[in-house]
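1. Sequence plus the predicted model coming up.
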Amino acid sequence: MRPIALAALLTLPAGLALAAPSAPSPALIAAVKAPSRTPANVARDRYRHPAETLAFFGVKPTDTVVEIWPSGGWYTEILAPYTLRRGTLYAAGPSEKGLAGVAKLRAAHPSVYAKVKTAIFPAVAGQPGVPAGTADVVLTFRNVHNWRFGATDQTQAAFDQMFAMLKPGGTLGVEEHRLPETMDTALEGKSGYMRRSSVIAFAKKAGFTFAGESQVNANPKDTHDYPGGVWTLPPNYAEKDKDRAKYAAIGESDRMTLKFVKPR
């Protein structure tokens, strides 16, 4: 189990225990090792812990899974082969252009990605969205800050739509760059980090029940206070070569890994 920062422990609500680590299934391990994955993405597994993260969220190969804003498809490379035979995977992007990464994967490995469905998220009337009440699991990785501080605040609308697309009893898994609760909330607006309490508040307002969290993606080396925000750290290196070795030694960001459930 990864080390847990004391500060992270101190921010847990009274009475809420950390979730016990879940053992990834053989099918999930096989998907993480899929030969169709990009080598550069595989090299980042040591920071992102995909098998442990997806096991914590309880994703099964028979599920209807929605991946929100997959961008280049880092997690899509695992979810597509995992759900290929018995499940369904939706890649939901902000536009067709926003799904270009998935289209590129499909072109390179059509047999792996041929069944992946696409949708627009957040969808407005007339756009192809994920049908309401059809998903077993909705997953979003490092996207909440994008909805919160883009040109228009889409955060609550995003959580509302994710709630709507899930079946009763379905799971929402959220991974996000974590801003310590003791740090100035104004940093949420420019750093790329979000307070855990902020994310939970949006989810609860949408109707979700908070089901637990894992520290599998915690990084106690992350000080959360960089000149270029979270993008100072790898893989972005916003400061380019300045202090690059220092940031490389820190690794990727400290992240919260939160699980929510749509009540039955």
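-> All right, it came through fine.

2. And the nearest residue to Ile68 once chain neighbours are set aside, how close does it get to Arg85?
-> Spatially, and ignoring its direct neighbours in sequence, Ile68 is nearest to Thr140 (4.0 Å; C-beta to C-beta, 6 or more residues apart in numbering). For the C-beta atoms, the positions are set from N, CA and C on the backbone; glycine is no exception. Remark: distance between Thr140 and Arg85 (C-beta to C-beta, to the nearest Å) = 24 Å.

3. More neighbours: which of these two?
-> Thr140 (24 against 10; other C-beta atoms under 10 Å).

4. Can you classify the more buried one as helix, strand or coil?
-> strand (DSSP: H, G, I helix; E, B strand; the rest coil).

5. how close does it get to Phe260?
-> Distance from Thr140 to Phe260, by C-beta to C-beta: 11 Å.

6. Can you check which residues contact both of the two?
-> 172-174 (C-beta atoms under 8 Å, 6 or more residues apart in numbering).

7. Those in strands, which ones?
-> 172-174 (DSSP state E).

8. Phi, psi for Lys221 please.
-> When read as degrees, to the nearest 10, the backbone of Lys221 gives phi -80, psi -20.

9. Now do the residue lying closest to Gly73 once chain neighbours are set aside against Val42, distance only.
-> Among residues not flanking Gly73 along the chain, Gly101 sits closest, at 4.5 Å (C-beta to C-beta, 6+ apart). Counting by C-beta to C-beta, the separation of Gly101 from Val42 is 16 Å.

10. pretty sure the residue nearest to Gly73 contacts Gly72?
-> Yes - between Gly101 and Gly72 there is a contact under C-beta atoms under 8 Å: 4.0 Å.

11. and the gap between Ser71 and Leu28?
-> For Ser71 relative to Leu28 (C-beta to C-beta), the value is 22 Å.

12. before we move on, what about Phe159?
-> 26 Å.

13. same thing with Gly251?
-> Taking C-beta to C-beta, one finds Gly251 at 23 Å from Leu28.

14. For Val216, grab the count of nearby residues.
-> Val216: 22 neighbours (other C-beta under 10 Å).

15. Now do the contacts for the closest residue to Gly189 other than its chain neighbours.
-> In this structure, Gly189 finds its nearest non-sequential neighbour in Phe149, 5.6 Å apart by C-beta to C-beta, 6+ apart. Going by C-beta under 8 Å, 6+ apart, Phe149 touches 188-190.

16. Need the pLDDT of Phe149.
-> Per-residue confidence (pLDDT) for Phe149: 82.

17. swap in the one 3 residues further on?
-> At Thr152, the model reports a pLDDT of 79.

18. Torsion angles phi and psi at it?
-> phi -130, psi 140.

19. what about it, neighbour count?
-> Neighbour tally, Thr152, other C-beta under 10 Å: 8.

20. do the same with the one 5 residues further on
-> Counted with other C-beta under 10 Å, the burial measure for Ala157 works out to 15 neighbours.

21. What is the neighbour count of the closest residue to it other than its chain neighbours?
-> Nearest residue to Ala157, sequence neighbours excluded (C-beta to C-beta, 6+ apart): Pro122, at 5.3 Å. If you count neighbours by other C-beta under 10 Å, Pro122 ends up with 17.

22. do the same with Phe141
-> Neighbours of Phe141 under the rule other C-beta under 10 Å: 22.

23. who's in contact with it?
-> 67, 74-75, 175.
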